[in-house]
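J.: I would like the atomic coordinates for the input below:
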Amino acid sequence: MAQSASFDVDVVVIGSGPGGYVASIRAAQLGGKVVCVEKDAKGWGGVCLNWGCIPTKTLLASVERLEAVREASKMGVIVGDVSFDFRKIMERKDKVVSTLRGGVEALLKSNGVRKIVGAARVTGPNSVSVALPDGTAETISTRTIIVATGGEPVIPPVPGLSGPGIWTSNEALYATAVPQRMVVLGAGAVGLEFAYIYTGLGCKCTVVEMMPEILPLSDADVAAELRKSMTRQGIKFNLDSKVAAVERDGETLKVTVEGGGKSTVVECDVVLVGAGRRPVAGGLGLEEIGVAVTRSGVTVDERLQTAVPSIYAIGDVTGKFLLAHVASHQGIVAAENAMGHPAKIDYKAIPSPVFTEPEVASVGLTEKQAREAGHDVVVGKFPFRPLGKAMAMGQQDGLTKIVSERKYGEILGVHIVGPHASDLIHEAVTAIHLEATVKELQTMIHAHPTLAEGIMEASLDVDGAAIHKMRS
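T.: Predicted coordinates:
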């Protein structure tokens, strides 16, 4: 679409996270004159790159190496005393983050996107005002606007849950020392990943979860398998429980945990809040011009368009799926629509990984969701334990589970807990995206020895025909 002479630019993107910078690049690829506004000079790449996905996975990689060395003797590799340098671990994390942040800035520049650091406010359907760091402001007229302002951690209204020793993921990623004892609020992806990281570094972690099982949105079989594995690692779980209060006794935090009809006090040095995130939509001027904003986020349609036709919203601010890769895909769809290339978002086949040890990854419906939706459900399962590759790797915990419907054999969901689950899941993403059947998975040749054989065996198990599964 050619730029309209009545506007300064075609698209203003507010926010440079995995949704915002991708939307900016895609709009520029389609010939648009694009401005991307980021409120933090060191925030290019957004929460995911600077305070979320990337730094977390970098720390996880260090802990995985540490665990591998600790377990090396079981594979005949003899090493001396094992220790770690927390400062160097954090320095490496910072270097990875800064390198990728520079990469985002370079990508924007190479695509001709103008970068502005400042606080943006939407002042009309086709106008954005940016408060600049020097105290001045710049107003930009634009044919379209894409809001990509992300989310922020939720702090539950618990007495005492503030002040020193109360961490969100931000503090956990920029700590200067490893605490001896930690209580983690929430057994979702954030809470479990940090519990794994800090347990691996010698911290005693207790996870408190209000629901009866960890990963409440995941398939029950997969969640239970992960909990068993993490319990063996030394992590303690208080399920069906809540934190009622936090009190201070010098440097010690006393956390009152209520559950099972009783109340206990857990002492720790740090309370890490992993209770979820909420959209950052306030102060943008959206509601004043007619954009619908609820507690769940900015309301959008399948084109990512708001109630104001010239304004789109993507990523965590929409409250849809708080995943970086969803934000990026939404960014592409919104940018294409903003540039006059009709596109719609499809949420059917979204991979959802959790980077614990073992990893968890899911796509599609859980068994419970499939039954509640009225499907005649057939399930197949296969453990990692019999797989030759898993045995050779010394990583046999976990299973693959396939949820399908009986009449046509369509695959409705796939859930994996085990080594490299976050990579393995993409075979299942492709299958669900293409509406494949169990039979099609069964007849695909899977290389041996690989972990992907577990997917083939699980598909065979739907019909009770798994080759390497013992019969009872």
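
J.: what's the longest strand in this protein?
T.: strand 137-147 (DSSP state E).

J.: tell me what it is packed against?
T.: Judged by 3 or more CB pairs under 8 Å, 6 or more residues apart in numbering; DSSP states H and E, the packing partners of strand 137-147 are strand 9-14, helix 20-29, strand 119-124, strand 127-131, strand 311-313, helix 324-338. To be clear about C-beta, it is placed using only N, CA and C from the backbone, and glycine gets the same treatment.

J.: wait, what's in contact with the nearest residue to A72 once chain neighbours are set aside?
T.: Of all residues not flanking A72 in the chain, V79 sits nearest, at 5.4 Å (CB to CB, 6 or more residues apart in numbering). Counting by CB atoms under 8 Å, 6 or more residues apart in numbering, V79 makes contact with 69, 72-73.

J.: of those, closest to I289?
T.: The closest of these to I289 turns out to be V69 (CB to CB; 56.9 Å).

J.: angle of the strand or helix carrying that closest one against helix 324-338?
T.: Element membership for V69 (DSSP states H and E) is helix 53-70. Put simply, helix 53-70 runs at 150 degrees to helix 324-338, going by axes from the mean of the first three to the mean of the last three CA atoms, to 10 degrees.

J.: for stretch 246-257, which positions count as buried?
T.: 246, 253, 255-257 (16 or more other CB atoms under 10 Å).

J.: Dump the helices and strands packed on strand 137-147 to JSON lines, plus mean neighbour count.
T.: Formatted as JSON lines, these follow (neighbours: other CB atoms under 10 Å):
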{"stretch": "strand 9-14", "mean neighbour count": "27"}
{"stretch": "helix 20-29", "mean neighbour count": "27"}
{"stretch": "strand 119-124", "mean neighbour count": "20"}
{"stretch": "strand 127-131", "mean neighbour count": "19"}
{"stretch": "strand 311-313", "mean neighbour count": "30"}
{"stretch": "helix 324-338", "mean neighbour count": "25"}
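
J.: Could you name the helices and strands sitting against the helix of greatest length in the chain?
T.: Determined from DSSP state H, the single longest helix within the chain is helix 86-110. Other helices and strands packing on helix 86-110, by 3+ CB pairs under 8 Å, 6+ apart, are helix 20-29, helix 46-51, helix 53-70, strand 114-117.

J.: residues in contact with the longest one?
T.: The reference is to helix 53-70. Here helix 53-70 has contacts from 18, 45, 48, 79, 82, 84, 89, 92-93, 96-97, 100, 169, 173, 193-194, 196-197, 200-201, 324, 355, 357, using CB under 8 Å, 6+ apart.

J.: try the second one
T.: For helix 46-51, the external contacting residues (CB under 8 Å, 6+ apart) are 15-21, 42-43, 54, 97, 100-101, 104, 148, 150-151, 169-170, 173, 316, 324, 327.

J.: per-residue confidence averaged over it?
T.: For helix 46-51, the per-residue pLDDT values average out at 94.

J.: Which one, of the helices and strands packed on strand 137-147, ends up nearest to G282?
T.: That would be, of these and by CB to CB, strand 119-124, which comes in at 10.9 Å.

J.: tell me the angle that closest one makes with strand 9-14.
T.: 130 degrees.

J.: Now do stretch 291-310, average pLDDT.
T.: 96.

J.: what helices or strands is the one helix or strand S229 maps to leaning on?
T.: Per DSSP H and E, S229 falls inside helix 220-232. With contacts defined as 3+ CB pairs under 8 Å, 6+ apart, the packing partners of helix 220-232 are helix 189-200, strand 236-238, strand 359-364, helix 367-372, strand 399-405, strand 411-418.

J.: Quick one, which of the ones you listed gets closest to E288.
T.: helix 189-200 (32.8 Å).

J.: Next SSE downstream of that closest one?
T.: According to DSSP H and E, the helix or strand after helix 189-200 is strand 204-208.

J.: For that next one, report the contacting residues that lie outside it.
T.: For strand 204-208, using CB under 8 Å, 6+ apart, the contacting residues are 180-187, 191-192, 195, 198-199, 214, 234-238, 241-243, 255, 257, 259, 266, 268.

J.: Among the residues you listed, name the buried ones.
T.: Of the contacts of strand 204-208, these count as buried by 16+ other CB under 10 Å: 181-187, 191-192, 195, 198-199, 214, 235-238, 241, 243, 255, 257, 259, 266, 268.

J.: one step back: switch the buried residues of stretch 246-257 over to a markdown table; also include distance to K320, secondary structure and pLDDT.
T.: A markdown table is the format used below for the buried residues of stretch 246-257 (distance: CB to CB, whole Å; DSSP: H, G, I helix; E, B strand; the rest coil; pLDDT from 0 to 100):
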| residue | distance to K320 | secondary structure | pLDDT |
| --- | --- | --- | --- |
| V246 | 32 | strand | 97 |
| L253 | 35 | strand | 97 |
| V255 | 33 | strand | 97 |
| T256 | 35 | strand | 97 |
| V257 | 32 | strand | 97 |
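
J.: From A41, how far off is K115?
T.: Counting by CB to CB, to the nearest Å, the separation of K115 from A41 is 10 Å.

J.: my bad, V113
T.: For V113, the distance to A41 - CB to CB - is 16 Å.

J.: who has more neighbours, those two?
T.: Legend: neighbour count by other CB atoms under 10 Å for V113 and A41, higher for V113 (24 against 10).

J.: where does the stretch 251-400 of the chain have low pLDDT?
T.: Along the stretch 251-400 of the chain, the model assigns pLDDT under 70 to no residue.

J.: Just the strands from it, written as ranges.
T.: Per DSSP state E, counting those that start in this stretch, the stretch 251-400 of the chain carries strands over the ranges 252-259, 262-268, 270-273, 277-279, 293-294, 297-298, 311-313, 352-354, 359-364, 377-383, 399-405.

J.: Tell me which of the ones you listed is the most buried.
T.: Highest mean neighbour count of those: strand 311-313, a mean of 30 (counted as mean count of other CB atoms under 10 Å).

J.: Show me what it is packed against.
T.: Right, strand 311-313 is packed against strand 137-147, helix 324-338 by 3+ CB pairs under 8 Å, 6+ apart.

J.: Any chance of a markdown table for these, columns distance to R278?
T.: As requested, the helices and strands packed on strand 311-313 are exported to a markdown table (distance: least, CB to CB, whole Å):
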| stretch | distance to R278 |
| --- | --- |
| strand 137-147 | 15 |
| helix 324-338 | 15 |
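
J.: For G163, find the nearest of those.
T.: helix 324-338 (30.2 Å).

J.: care to break the protein down by domain?
T.: 9-152+278-338, 166-275, 352-461 (automatic domain parsing).

J.: do you know how far N111 is from A23?
T.: Distance from N111 to A23, by CB to CB: 11 Å.

J.: nearest spatial neighbour of T231, skipping sequence neighbours?
T.: Nearest non-adjacent residue to T231 (CB to CB, 6+ apart): F237, at 6.6 Å.
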